[in-house]
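Q: output the structure for:
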Amino acid sequence: MKKVQAWLINFLAQVSIASSLLFIPLFAKELGASDIEIGLITSFYSLAILTSSGIFGRLSDIYSKKLFLTLGLLLSSFSFFAQCFARDPVQLLVIRTLVGFSIGIFPAALTAYAYKQNRKIGHFTSFGSLGWAIGQLFAGIIAVYCGIFIFGALLFLLSFFMVIREEIPDERIPRSRSTFKIIRENLSVYFAFFIRHTGASAVWLIFPLYLFQLGISKFWIGAIYFANSFLQFLLMPRMDRFNPYLLLNLGAAFSGLTFIFYSLATEIYQFLAIQILIAFGWSAMYVGALRIALEKNIEKSSVVGFLNSTIYLSTIIGSIIGGFIAENFGYSFCFLFGALLSFLVPFFRVRNGAIKSF
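A: Next comes the predicted model:
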């Protein structure tokens with residue numbers, strides 16, 4: 001696969017994922033789901049990604065990257081289309097679990113291959129963020145659930161046909177470390193992400209519901225999400241020049257500030273302005289973590305897959321906690337919970353692969 005096609009596949013995949021994901025909480029609400037049930041739907045979706053990311057990231061290092069790229073893209077197309085047939089919260093939970101498993105198959109292999117091309121991981125991930133921006137904007141414009149799902153399915157199918165015709169060399173690692181050793185030697189990065197993203201997931205679970213409750217239309221909800229992702233697209237390529245450990249810690253701190261400001265905002269223009277903070281926070285933390293993992297390890301698909309699994313493990317836990325907090329204390333407490341955990345990350349001083357507490 002040529003370098004330009006690697007970022008293009010990432011872009012198309014993220015357009016599909018983002019456009020579908022944005023309105024799932026609202027779609028679930030309209031199907032009769034409670035806040036706790038929405039948390040469970042999100043958690044099962046994340047559990048499926050967690051499982052497939054770890055398994056297929058590892059297998060991509062041992063076997064064929066192209067096999068898991070094509071398999072993941074094709075299954076994603078079918079599962080996205082299947083979302084049109086959900087008629088109640090249970091059916092939506094089952095289909096979203098299938099969606100999660102499908103979209104967890106290919107990203108680790110794609111990221112590892114893109115890194116091999118020029119080692120500028122910020123450039124590659126920036127097009128993923130651009131995909132999120134376009135996907136969220138299109139979701140707001142389409143604003144019809146089944147139309148959004150079909151749109152995503154077609155983009156995944158297009159990506160599948162682009163990949164299947166390309167020659168992608170298999171680079172198998174003959175003496176790979178054990179899974180336990182890989183995780184242990186990268187634990188500091190995984191732990192930092194786990195802490196921050198647990199809090200963030202509690203926020204993202206209720207964020208579209210919070211905006212909708214404030215009277216903000218679906219179009220402007222999409223525009224607010226678009227601003228975050230488009231700013232990430234602009235910022236991520238610039239992150240390659242900085243110390244990745246500094247980026248990781250700064251990203252967590254800026255995330256905490258964002259969640260505090262979310263709890264105070266009430267107007268559309270305020271949320272749009274705040275997106276600058278979260279765009280920098282996520283760009284710094286994500287690019288920093290990927291660079292640490294990819295630069296330190298030869299099992300590149302494996303470490304990316306385990307990082308993705310860590311992110312979605314925290315999404316599961318954060319979504320359950322977020323559903324509980326929202327149901328019993330209200331949406332504002334979800335923001336405070338997210339800020340607290342984000343601010344904890346710099347206090348562990350993640351440096352050079354080690355965790356040191358103050």
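Q: which parts of whichever strand or helix holds residue 270 are buried?
A: Using DSSP states H and E, the element containing residue 270 is helix 268-296. Residues 268, 271-272, 274-275, 277-294 are the ones in helix 268-296 that count as buried (16 or more other Cβ atoms under 10 Å). Quick note: C-beta positions are derived from backbone N, CA and C, even for glycine.
Q: report all helices and strands that the next helix or strand after that helix contacts.
A: Toward the C-terminal end, the helix or strand that comes next after helix 268-296 (DSSP H and E) is helix 300-328. Here helix 300-328 touches helix 35-62, helix 107-118, helix 179-185, helix 187-213, helix 268-296, helix 331-344, going by 3 or more Cβ pairs under 8 Å, 6 or more residues apart in numbering; DSSP states H and E.
Q: how many neighbouring residues does residue 42 have?
A: Applying other Cβ atoms under 10 Å, we find 27 other residues in the vicinity of residue 42.
Q: give me the low-pLDDT residue ranges for this protein?
A: 1-4, 169-176, 348-358 (pLDDT under 70).
Q: returning to what we had before: now the helices and strands packed on helix 300-328 as JSON lines including distance to residue 234?
A: Listed next are the helices and strands packed on helix 300-328 as JSON lines, based on distance: least, Cβ to Cβ, whole Å:
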{"stretch": "helix 35-62", "distance to residue 234": "27"}
{"stretch": "helix 107-118", "distance to residue 234": "19"}
{"stretch": "helix 179-185", "distance to residue 234": "33"}
{"stretch": "helix 187-213", "distance to residue 234": "21"}
{"stretch": "helix 268-296", "distance to residue 234": "8"}
{"stretch": "helix 331-344", "distance to residue 234": "22"}
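Q: among these, which comes closest to residue 239?
A: Closest approach to residue 239 among these is made by helix 268-296 (4.0 Å; Cβ to Cβ).
Q: for that closest one, name the packing helices and strands.
A: helix 107-118, helix 121-142, helix 187-213, helix 218-235, helix 244-264, helix 300-328.
Q: if we use 6 Å, what do you get?
A: If you count contacts as 3 or more Cβ pairs under 6 Å, 6 or more residues apart in numbering; DSSP states H and E, helix 268-296 packs onto helix 121-142, helix 187-213, helix 218-235, helix 244-264, helix 300-328.
Q: quick one: the first one to chain centroid distance?
A: Spelled out, that is helix 121-142. 11 Å (Cα atoms, centre = their mean, to the nearest Å).
Q: could you give the angle of it to helix 300-328?
A: Counting by axes from the mean of the first three to the mean of the last three Cα atoms, to 10 degrees, helix 121-142 lies at 40 degrees to helix 300-328.
Q: tell me the helix or strand right after helix 121-142.
A: helix 145-164.
Q: report the buried residues of that next one.
A: 145, 148-153, 155-160, 162-163.
Q: between helix 107-118 and it, find me the angle.
A: Using the same axes, to 10 degrees: helix 145-164 against helix 107-118 is 50 degrees.
Q: keeping just the C-alphas, turn helix 145-164 into CSV.
A: C-alpha atoms of helix 145-164 as CSV (Å, rounded to 0.1, in the frame of the first residue of the first chain):
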residue,chain,number,x,y,z
TYR,A,145,-30.1,7.6,11.5
CYS,A,146,-30.4,5.0,8.7
GLY,A,147,-28.9,7.4,6.2
ILE,A,148,-25.9,7.9,8.4
PHE,A,149,-25.4,4.1,8.8
ILE,A,150,-25.6,3.5,5.1
PHE,A,151,-23.2,6.3,4.4
GLY,A,152,-20.7,4.7,6.7
ALA,A,153,-21.2,1.2,5.2
LEU,A,154,-20.5,2.5,1.7
LEU,A,155,-17.2,4.2,2.8
PHE,A,156,-16.0,1.0,4.4
LEU,A,157,-16.9,-1.0,1.3
LEU,A,158,-14.9,1.5,-0.8
SER,A,159,-11.9,1.2,1.5
PHE,A,160,-12.1,-2.6,1.2
PHE,A,161,-11.9,-2.5,-2.6
MET,A,162,-9.0,0.0,-2.4
VAL,A,163,-7.0,-2.3,0.0
ILE,A,164,-7.7,-5.6,-1.7
